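**Q** Just a sequence and a predicted model for now, questions to come.
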Amino acid sequence: MEKKMTFKMWFNLILFGLMGQIAWNVENMYFNTFLCNSIYGSASATAVNGSLTIVDAVAWMVALSAVVAVVTTFIMGNLSDKINNRKLFISFGYILWGIVTGCFGFISLENTQKLFHISSETAVLTGTVWLIIGMDCLMTFMGSTSNDSAFNAWVTDITCPKNRTTVETVLAIMPAAAMGLVLAVGGIIVTKFGYPIFFFGLGAFVVLCGVIGLFTIKDSRSGEVNKDANYWSNLFYGFRPSVVKENSSLYLALVSMCIYCTAVQVFFPYLIVYLQHSDLDFINNIGTLFEGGNLAITVITLFVTVVLLVLFVTKVNKIGKGVCLVICSVLFIGGLIVTGFAHTPTMFLVGCGPFIVGYAMLAIILGAVIRDFTPEDKTGLFQGVRMIFMVLIPMVAGPRLAMIAAKNSTITYVNDYGAENVLPSSNMFIIAGILTLFIFVTLIPLIKKGLKTDKV
């Protein structure tokens, strides 16, 4: 049965999709810069040398957050199926998510020292780092309850194969839009008012989003809901061999997504820190992109990137999802290799062209394929399985691979107190590109099996 998207559905899709991605972007990118610039940047050399390195702290934060996200999605996704009420989990989840986000505005070395009555500089830094990691896990619990389990299941509930590419395209735009807003608006707020105001403001907007959802979201379950099913048994439903065999195309798509997401997590958590502190000095040298011959290269790169994105988005059904997946994988890998060897902001931007196209379209098409092959009456049950492949494995393995790049890195960050921190180098892009090559191992059999379902 074809499902038509109403204005209210699009409103909630965009509102919750955008605000959710803004919150996740802040967690994945700004928490790292918060650690680097505010926490480690305010610590003495003695404290830094006696505590976790920035790379280790980020790796622990990303890994533990991933574990919490997956466990939460299993429990809450299954529960939202059992209760058959997505609205409750989405709205109240966002409200609590915003409150926890705002609490980050109170975290500092000074407040940790006062709260726990610690005198040792090393202990204060270590305690603050682990406090941030713990709060990040709590924030992840709220975000995964509302966004990863309930919201994603709700999107699957209200869509069908005919409109999912369009819906996934809109959802795929959200991370880029969120990143732009976070970098632009967030950068201004952090620079002028500091991190506390930034976290307070973001938290308030997320809370407001949850309140709006109480009045606008309507549940739409098309499949038959079995409320008598055993809750604890259903937690492990997706691991049954018979289920994996019956949904082999779904699991091939999930493994493909896993490889892609792991490659992204190799560089994504460190991207802003890299652009701020690498030899490129991208933040301060961005003006060179609009000078002399660099201007022509910049304009051509941006134009080609936009044209390719529009081409794939509008013609993906005509070209074929399988062909598009192969082409976009090649573009993603090629772009990563070019950015890995880039020594100027202009060359970095040239690599970003194919890299952005591949990055965006792989997420769009694989996301649509995963929704197509997800059983409609068990969308909540499969959200936890999806999170293992899209979050747990990538966010544990990706940053660990980035540590290989950090060990051979010549990029260091020296704070105002003379403490030196080693940061990941451009090798992280090359490692990500090599890793993405393995995506063809699962893409080829997935394409051979067919990417069309028997659902309308």
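**A** Alright, I've got the coordinates. All of these numbers come straight from a predicted model, not from anything done at the bench.

**Q** Name all residues that make contact with residue 199.
**A** By C-beta atoms under 8 Å, 6 or more residues apart in numbering, the contact list for residue 199 reads 101-105. To be clear about C-beta, it is placed using only N, CA and C from the backbone, and glycine gets the same treatment.

**Q** Just the pLDDT at it, thanks.
**A** Predicted confidence (pLDDT) for residue 199: 88.

**Q** mind checking pLDDT for residue 116?
**A** We have a pLDDT of 87 for residue 116.

**Q** Give me the below-cutoff pLDDT ranges for the stretch 351-456 of the chain.
**A** 377-381, 383, 405-424, 452-456 (pLDDT under 70).

**Q** What are the boundaries of the strands in it?
**A** Applying DSSP state E, counting those that start in this stretch to the stretch 351-456 of the chain gives strands spanning 412-414, 420-422.

**Q** Settle this for me: residue 404 is touching residue 432, isn't it.
**A** No: the pair residue 404 / residue 432 is not scored as a contact, 11.3 Å apart, by C-beta atoms under 8 Å.

**Q** Those two - which one has more neighbours?
**A** Each of residue 404 and residue 432 has its neighbours counted (other C-beta atoms under 10 Å); residue 432 has more, 28 against 14.

**Q** show me the contacts for that one.
**A** In this structure, residue 432 makes contact with 263-264, 266-267, 336, 401, judged by C-beta under 8 Å, 6+ apart.

**Q** In those, find the pair that's most separated.
**A** Greatest spatial distance among the contacts of residue 432 (C-beta to C-beta): 336 and 401, at 12.8 Å.

**Q** Between these two, which is the more surrounded one?
**A** The neighbour count for residue 336 versus residue 401, taken as other C-beta under 10 Å, is higher for residue 336 (28 against 21).

**Q** excluding its backbone neighbours, what's nearest the more buried one?
**A** Excluding its sequence neighbours, the residue lying closest to residue 336 (C-beta to C-beta, 6 or more residues apart in numbering) is residue 433, at 3.5 Å.

**Q** my read: the one you found touches residue 263, true?
**A** Yes: assessed by C-beta under 8 Å, residue 433 is found in contact with residue 263 at 7.4 Å.

**Q** Quickly find the element holding residue 207.
**A** Using DSSP states H and E, residue 207 maps to helix 195-216.

**Q** In that helix, which residues are buried?
**A** Of all the residues in helix 195-216, those buried under the rule 16 or more other C-beta atoms under 10 Å are 195-196, 198-203, 206-207, 209-210, 212-213.

**Q** before we move on, what about stretch 132-143?
**A** Across stretch 132-143, burial judged by 16+ other C-beta under 10 Å covers 132-133, 135-137, 139-143.

**Q** Which residues does that stretch contact?
**A** Contact with stretch 132-143 is made by 20, 23-24, 27, 31, 34-35, 39, 57, 60-61, 64-65, 68-69, 72, 93, 96-97, 100-101, 103-104, 107, as judged by C-beta under 8 Å, 6+ apart.

**Q** export that stretch as PDB, just CAs?
**A** Listed in PDB are the C-alpha atoms of stretch 132-143, where the atom choice follows Å, rounded to 0.1, in the frame of the first residue of the first chain:
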ATOM      1  CA  ILE A 132      32.500  14.500  30.000                       C
ATOM      2  CA  ILE A 133      32.600  11.000  28.700                       C
ATOM      3  CA  GLY A 134      30.000   9.900  31.300                       C
ATOM      4  CA  MET A 135      27.700  12.800  30.400                       C
ATOM      5  CA  ASP A 136      28.200  12.100  26.800                       C
ATOM      6  CA  CYS A 137      27.000   8.500  27.400                       C
ATOM      7  CA  LEU A 138      23.900   9.900  29.200                       C
ATOM      8  CA  MET A 139      23.200  12.300  26.400                       C
ATOM      9  CA  THR A 140      23.600   9.400  23.900                       C
ATOM     10  CA  PHE A 141      21.000   7.400  25.900                       C
ATOM     11  CA  MET A 142      18.500  10.200  25.500                       C
ATOM     12  CA  GLY A 143      19.400  10.700  21.800                       C
END
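
**Q** how near is the residue nearest to residue 336 to residue 339?
**A** Distance from residue 433 to residue 339, counting by C-beta to C-beta, to the nearest Å: 9 Å.

**Q** The two: who's more crowded?
**A** Between residue 433 and residue 339, counting by other C-beta under 10 Å, residue 339 is the more crowded of the two (25 against 22).

**Q** What strand or helix carries the more buried one?
**A** Taking DSSP H and E as the criterion, residue 339 maps to helix 321-341.

**Q** Does anything pack onto that helix? Which helices or strands?
**A** Helix 321-341 sits against helix 248-267, helix 292-319, helix 345-372, helix 427-436, helix 439-449, with contacts defined as 3 or more C-beta pairs under 8 Å, 6 or more residues apart in numbering; DSSP states H and E.

**Q** one more time with 7 Å
**A** Packing contacts for helix 321-341, counted by 3 or more C-beta pairs under 7 Å, 6 or more residues apart in numbering; DSSP states H and E, involve helix 292-319, helix 345-372, helix 427-436, helix 439-449.

**Q** Format the ones you listed as TSV; extra columns: distance to residue 7.
**A** Shown next, in TSV, are these (distance: least, C-beta to C-beta, whole Å):
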stretch	distance to residue 7
helix 292-319	21
helix 345-372	21
helix 427-436	38
helix 439-449	35
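
**Q** Which one, of the ones you listed, ends up nearest to residue 328?
**A** Shortest separation from residue 328 across the helices and strands packed on helix 321-341 is recorded for helix 345-372, at 4.2 Å, computed as C-beta to C-beta.

**Q** how about the closest one: buried residues?
**A** For helix 345-372, by 16+ other C-beta under 10 Å, it's 345-372.

**Q** Also stretch 37-45?
**A** 37-44.

**Q** what do you get for stretch 67-77?
**A** 68-77.

**Q** Closest to residue 118 out of these?
**A** Relative to residue 118, the closest of these is residue 68; by C-beta to C-beta it sits at 25.7 Å.

**Q** Name all residues that make contact with the closest one.
**A** By C-beta atoms under 7 Å, 6 or more residues apart in numbering, the residues touching residue 68 are 137, 140-141.

**Q** In JSON lines: the residues you listed, plus secondary structure, distance to residue 177 and pLDDT.
**A** Shown next, in JSON lines, are those (DSSP: H, G, I helix; E, B strand; the rest coil; distance: C-beta to C-beta, whole Å; pLDDT from 0 to 100):
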{"residue": "137", "secondary structure": "helix", "distance to residue 177": "26", "pLDDT": "92"}
{"residue": "140", "secondary structure": "helix", "distance to residue 177": "22", "pLDDT": "89"}
{"residue": "141", "secondary structure": "helix", "distance to residue 177": "25", "pLDDT": "92"}
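
**Q** which of those lies closest to residue 392?
**A** Nearest member of the contacts of residue 68 to residue 392, counting by C-beta to C-beta, is residue 140, at 11.5 Å.

**Q** how close does that closest one get to residue 69?
**A** To residue 69, residue 140 is 5 Å away according to C-beta to C-beta.

**Q** Leaving out the residues flanking it, which one is nearest to residue 86?
**A** Computed as C-beta to C-beta, 6+ apart, the closest residue to residue 86 that is not its neighbour in sequence is residue 154, at 4.2 Å.
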